[in-house]
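Undergrad: after the sequence you'll find the predicted model.
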Amino acid sequence: MTELARRTGMSKAMLSKIENAQTSCSLSTLSRLAETLDVPVTALFRGVDAEREAVFTPAGRGSQIVRRGSDVGHLYQLLGALHGEHKRIEPLLVTLTEASEVFPLFQHPGTEFLYVLEGVMVYGHGRARYEMRAGDSLVFDGEGPHGPVELVEVPIRFLTVTANGHLD
């Protein structure tokens, strides 16, 4: 608060009153605050009273879900999902073991991000092949055929996040 007061030239008391809706302020004051905070003026009003959805998933507690690869040994753990208009991303933890088979025919709308946590696999997207190890990532168009084409070192665990729609 002290730093904001210094940077805007306003008193801490006035900033506190504005923050707690105990006073009205001019558009020029709002403009000065927005400029100092490096945000658009509209950001000071957006969703002030609206409750926002959040989903917390403790370690190891994601829901086991069934996907097209489930019948060939792919384990999918949903790490959280929002509902309604904000359902734009789907984070999954995927585990492949010696019981898993390759199944490179996944296709879906949206963009997918894949991050390998453990193991080694060759992952295909269209005609391209990527040898992926822990720490490697791949971002691709989900409509192209994709999936693991060779399980080099199991177990393989990777995080995949599919984004649909606009992520403004």
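TA: Nice, thanks for sending it over. Residues are numbered from 1 along each chain as shown.

Undergrad: flag the shaky bits of this protein, pLDDT-wise.
TA: 46-52, 83-87, 104, 165-168 (pLDDT under 70).

Undergrad: domain parsing for it?
TA: Residue ranges for the structural domains of the chain, counted by automatic domain parsing, are given in the record as 2-44, 63-163.

Undergrad: count of residues packed around the closest residue in space to residue 124 that isn't next to it in sequence?
TA: For residue 124, the nearest residue in space outside its immediate sequence neighbours is residue 149; the separation is 4.3 Å by CB to CB, 6 or more residues apart in numbering. Backbone N, C-alpha and C define where each C-beta goes, glycine included. Other residues lying near residue 149 total 15 when counted by other CB atoms under 10 Å.

Undergrad: thinking residue 149 is in contact with residue 101, fair?
TA: No. Here residue 149 lies out of contact with residue 101, judged by CB atoms under 8 Å, at a distance of 10.9 Å.

Undergrad: how close does residue 34 sit to residue 43?
TA: With distances defined as CB to CB, to the nearest Å, the gap from residue 34 to residue 43 amounts to 7 Å.

Undergrad: if you count what's nearby, which of those two comes out ahead?
TA: The neighbour comparison of residue 34 against residue 43 (other CB under 10 Å) goes to residue 34, with 15 against 11.

Undergrad: quickly find the element holding the more buried one.
TA: Taking DSSP states H and E as the definition, one finds residue 34 inside helix 27-37.

Undergrad: how deep is residue 36 tucked in, by neighbour count?
TA: Look at residue 36: counted by other CB under 10 Å, it has 15 neighbours.

Undergrad: and what of residue 94?
TA: Counted with other CB under 10 Å, residues neighbouring residue 94 total 20.

Undergrad: may I ask which helix or strand encompasses it?
TA: strand 89-96.

Undergrad: neighbouring strands for that strand, and are they parallel or not?
TA: strand 75-78 (antiparallel), strand 146-163 (antiparallel) (DSSP bridges).

Undergrad: report the backbone C-alpha coordinates of it in CSV.
TA: The C-alpha coordinates for strand 89-96 follow below in CSV (Å, rounded to 0.1, in the frame of the first residue of the first chain):
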residue,chain,number,x,y,z
ILE,A,89,-8.8,-26.9,-20.8
GLU,A,90,-8.6,-30.6,-19.7
PRO,A,91,-5.4,-31.6,-17.7
LEU,A,92,-4.7,-35.3,-17.6
LEU,A,93,-1.9,-37.4,-16.0
VAL,A,94,-1.3,-40.3,-18.4
THR,A,95,0.6,-43.5,-17.3
LEU,A,96,1.8,-46.1,-19.7
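
Undergrad: I'm done for today, thanks for sticking with me.
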